[in-house]
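Trainee: Next comes the sequence, and after it the predicted model I'd like to discuss.
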Amino acid sequence: MRYTSSVGSACVARQTKKMADSDLLARHRAVMPDWAALYYEHPIELVSGEGSRITDSGGRSYLDFFAGILTNMIGYNVREVREAVQRQLSTGIVHTSTLYLIRQQVELAEKVARLSGIEDAKVYFVNSGTEANETALLLATCARRSDQVLAMRGSYHGRSFGAVAITGNRGWKPSSLSPVNVHYLHGADRQLPAFAGLTDGEYIAACVADLRYVLATATAGDVACLIAEPVQGVGGFTMAPDGLFGAYKEVLDAHGILFVSDEVQTGWGRTGDSFWGIGNHGVTPDIMTFAKGLGNGFAIGGVVARGSLMDGLPAAGISTFGGNPLATTAAAATLGYVLDHDLQANARALGRLIIEGLREQVGRLPAVGGIRGKGLMFAVDLVEPGTGAPSPRLATRVLEETRARGLLVGKGGLAGNTLRMAPPMVLSEAEAKEGLSILVEAITAVNAEGTGAEGTGAGATGAEATGAEATGAGVTGRKEAPDE
Ligand code: PLP
């Protein structure tokens, strides 16, 4: 009797929870914009977290391989960050404005300037990656007295007017209006038929030749800057071969064109081999932008550039919330944690373990078009078995299957067919293996659905991205919206 009633009450609790979730979803849809997509057929609300794990409002726990889009860089409920923030809150000061000295801001700027490798660097803090890129555009266009900007095909740089204008990803480009004149370069589009079969060196040579050609023929000759992501985030972790941006920089330097590295996703050691993503190309840029992981969830972004560039704006500027005491306190604690625990080395070792594991165990499945990554930033392309066409459908299925097995992952790519993973950099080896095995299970199950048979799986070497990337969409949750 008691048993029956407790089962009954558990049932009622589940029902109530389901109703509460669908009620929240309905309320979300009523007041939030249609273009702000949610993951999953039944979207989830995440309510608590610890380390690399997070729990939803129904009490279900997940290993988190997407970290709030690479933003919970050192995981959840980190004592060092929590205590630093609580100490700051207990002073009674969350905000003073930048009209007054902010000790934490100065100390953080000193640290970022030193880590940047940029000579005589100065730092300006804002609240997001978008604002950071806007600031970089302002610095470069003012310094060069030019509105001409080079950007990369497949890029994403944010959602403001200027950031959308330098974004080369149709699914995230709601407007063609632009405050700058943009020309797009090759470099992260190796999958195009025109580049089929080229070695890294040949591809780089072709891209550099095209850059020279664009400069000589398509621009008005006084380009302000090139802005590029070392690994394209929203673009599906597509990336230029190491060395491409070094080769580009030689050409840019010859023309006095500034190079801006958008490190919003790739900074702070996440790519493993290098502290900044651009370090993989042997280049120190003129300007770097950053955001996402630095505050481990607290809103902070920024720009670091040569002092002469930073000081070059001919009018006053202010960011009301940029670099506020709370955000810079959280950021200093986060950055300190990354450096003290050498999380870059962890990203390198565990990234290798997972990427190699994926290549071995699912690399040859017909539904897998490619596996790539650097450090704890890795991706799997899903394709239609038989045709090899990009398959947002199967990517969505894997998203659901991983969730059902207790793993959160992301999705992206120009065609919406790429699973993107970027766990907190505090991930343990046991968690890396657990996540890998869930990924393998989920991809293998979806491959079997797609082919009507179990795939062979093992023994493959990793294929590079192959699926020709269609424009547009393929996202879960809403019509034709590509995933973040
Ligand atoms: N740059 C890159 C490379 C990004 O991935 C993003 C966001 O995903 C941005 C800029 C924009 O950052 P935010 O969303 O903080 O404005």
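Mentor: Yes, it's here.

Trainee: Quick check: residues of the protein near the ligand?
Mentor: 128-130, 133, 156-158, 229, 233-234, 262, 264-265, 291, 301 (C-beta under 6 Å from any ligand atom). Backbone N, C-alpha and C define where each C-beta goes, glycine included.

Trainee: now, which of those lie within strands?
Mentor: Those of the residues of the chain next to the ligand mapping onto strands are 262, 301, per DSSP state E.

Trainee: which of the residues of the chain next to the ligand lies closest to Leu25?
Mentor: Val234 (24.1 Å; C-beta to C-beta).

Trainee: I'd assumed Arg170 was in contact with that closest one.
Mentor: No: applying C-beta atoms under 8 Å, one finds Val234 not in contact with Arg170, separated by 11.5 Å.

Trainee: Look at the two and report which has more neighbours.
Mentor: More neighbours surround Val234 than the other of Val234 and Arg170, with 27 against 14 (other C-beta atoms under 10 Å).

Trainee: quick one, phi psi at the more buried one?
Mentor: Dihedral angles of Val234 (phi, psi; degrees, to the nearest 10) stand at phi -60, psi -30.

Trainee: What degree of burial does the nearest residue to it once chain neighbours are set aside show, as a neighbour count?
Mentor: Excluding its sequence neighbours, the residue lying closest to Val234 (C-beta to C-beta, 6 or more residues apart in numbering) is Tyr156, at 3.6 Å. Applying other C-beta under 10 Å, we find 27 residues neighbouring Tyr156.

Trainee: Might one say that Tyr156 is in contact with Gly233?
Mentor: Yes: under the criterion of C-beta under 8 Å, Tyr156 makes contact with Gly233 at 6.3 Å.

Trainee: how close does the closest residue to the ligand within the chain get to Ala113?
Mentor: In the chain, the residue that lies nearest the ligand is Gly129 (2.3 Å; C-beta to the nearest ligand atom). Gly129 sits 19 Å away from Ala113, taking C-beta to C-beta, to the nearest Å as the criterion.

Trainee: and stretch 279-293, which residues are buried?
Mentor: Neighbour counts over stretch 279-293 (16 or more other C-beta atoms under 10 Å) mark 279-281, 283-293 as buried.

Trainee: Out of those residues, name the ones that lie in strands.
Mentor: Short answer: those in strands (DSSP E) are 287-290.

Trainee: Turn those residues into CSV, columns for pLDDT.
Mentor: Formatted as CSV, those follow (pLDDT from 0 to 100):
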residue, pLDDT
Ile287, 98
Met288, 98
Thr289, 99
Phe290, 98
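
Trainee: Let's test this: name the helix or strand in the chain with the lowest mean pLDDT.
Mentor: The helix or strand of the chain with the lowest confidence, counting by mean pLDDT, DSSP states H and E, is helix 2-31 at a mean of 72.

Trainee: For Gln265, see how far away Arg170 is.
Mentor: 20 Å.

Trainee: what's the answer for Asp147, then?
Mentor: If you measure Asp147 against Gln265 using C-beta to C-beta, the figure is 26 Å.

Trainee: With neighbour numbers in mind, choose between these two.
Mentor: Using other C-beta under 10 Å, the more surrounded residue of Asp147 and Gln265 is Gln265, with 27 against 16.

Trainee: got the phi/psi numbers for the closest residue to Ser319 other than its chain neighbours?
Mentor: Spatially, and ignoring its direct neighbours in sequence, Ser319 is nearest to Val126 (4.9 Å; C-beta to C-beta, 6+ apart). Main-chain dihedrals, Val126, degrees, to the nearest 10: phi -130, psi -160.

Trainee: all helices of the stretch 151-300 of the chain, in order?
Mentor: Assignment of helices within the stretch 151-300 of the chain using DSSP state H, counting those that start in this stretch yields the ranges 161-165, 200-217, 244-255.

Trainee: Now do Ser175: how many residues are near it, please.
Mentor: A total of 8 residues lie near Ser175 under the criterion other C-beta under 10 Å.

Trainee: ugh, typo on my part, it should be Phe66
Mentor: Other residues lying near Phe66 total 24 when counted by other C-beta under 10 Å.

Trainee: From Thr238, how far off is the closest residue in space to it that isn't next to it in sequence?
Mentor: For Phe66, ignoring the flanking residues on the chain, the nearest one in space by C-beta to C-beta, 6+ apart is Gly410 at 4.1 Å. Distance check for Gly410 against Thr238: by C-beta to C-beta, it reads 14 Å.

Trainee: So for these two, which residue has more residues nearby?
Mentor: A count of neighbours by other C-beta under 10 Å puts Thr238 above the other of Gly410 and Thr238, at 29 against 24.

Trainee: Surely the more buried one and Leu192 touch.
Mentor: No: taking contacts as C-beta under 8 Å, Thr238 lies outside contact range of Leu192: 11.3 Å.
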